[in-house]
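Novice: pasted the sequence and its predicted model underneath.
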Amino acid sequence: MLRPRHPESELLRRHVRTPTYPPSPRWRVPARFRPYDEPRPVSIETVVDWLADSVDAVGEVEFEVAGTPQRLVAFSDGDAGELWLLFADATSGETTYTCRQLAVGAPAPDGTLVLDLNRAHNPPCAYTDFSTCPLPPPANRLTVRIEAGERLPADR
């Protein structure tokens, strides 16, 4: 990927920021992390039909959206106990990309944490056909609308 840094760069002048939903406190959601006793391998498909991988899930994150219980399989996002969530929801493919991701800090010792869904962002493949991105496992395909975070890129 080329990243022009000169302020007069034609690429920078033509750049259109990724649209987002307006940030809202409504999308800062209390949650609870339920760790697995041992990491569990989860098959992860990608945007490339013939390419799949297995990633170790470390537990599940439970939360509510509009009073409806939700659950996402969580993956490790580094050595500090941080979590990575890969999900699709009822906006996917409509106002948002096929999937989005969310980096979450380490849960408190009692498993509590806050999901700031305002920070849900697109994977690289939302912006270029020359990137391979994971797709959420079936358990992470929510039926509710998460109208928070990044939307479809303007030029896609």
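Specialist: Thanks, I have it.
Novice: from here on, just use CA atoms for contacts and neighbour counts.
Specialist: Will do.
Novice: what about Asp49, which SS state?
Specialist: coil (DSSP: H, G, I helix; E, B strand; the rest coil).
Novice: list the contacts for it?
Specialist: Contacts for Asp49 (C-alpha atoms under 8 Å, 6 or more residues apart in numbering) come out as none.
Novice: pLDDT at it, what is it?
Specialist: For Asp49, the model assigns a pLDDT of 77.
Novice: how close does it sit to Pro153?
Specialist: Per C-alpha to C-alpha, to the nearest Å, Asp49 is found 22 Å from Pro153.
Novice: Arg5 too?
Specialist: 21 Å.
Novice: same drill for those two, tell me which one is more crowded.
Specialist: Here Arg5 and Pro153 are set side by side on neighbour count (other C-alpha atoms under 10 Å), and the busier one is Pro153, at 17 against 9.
Novice: you'd agree the more buried one is up against Pro19?
Specialist: Yes: here Pro153 reaches Pro19: they are 6.4 Å apart, a contact under C-alpha atoms under 8 Å.
Novice: so which residues of the chain form strands?
Specialist: Assigned by DSSP state E, the strands in the chain fall at 28-45, 52-65, 68-76, 83-87, 100-104, 112-116.
Novice: to Pro124, which of the ones you listed lies closest?
Specialist: With C-alpha to C-alpha as the criterion, Pro124 lies closest to strand 100-104 of those, at 10.0 Å.
Novice: show me which residues of the closest one are buried.
Specialist: Using 16 or more other C-alpha atoms under 10 Å as the test for burial, strand 100-104 gives 100-104.
Novice: tell me which other helices or strands it touches.
Specialist: strand 83-87 (3 or more C-alpha pairs under 8 Å, 6 or more residues apart in numbering; DSSP states H and E).
Novice: what about this protein, any weak spots by pLDDT?
Specialist: Residue ranges of the chain with pLDDT under 70: 1-4.
Novice: how about stretch 39-48: buried residues?
Specialist: For stretch 39-48, using 16+ other C-alpha under 10 Å, the buried residues are 43-46.
Novice: again, but for stretch 83-94
Specialist: Here stretch 83-94 shows 83-92 as buried, counting by 16+ other C-alpha under 10 Å.
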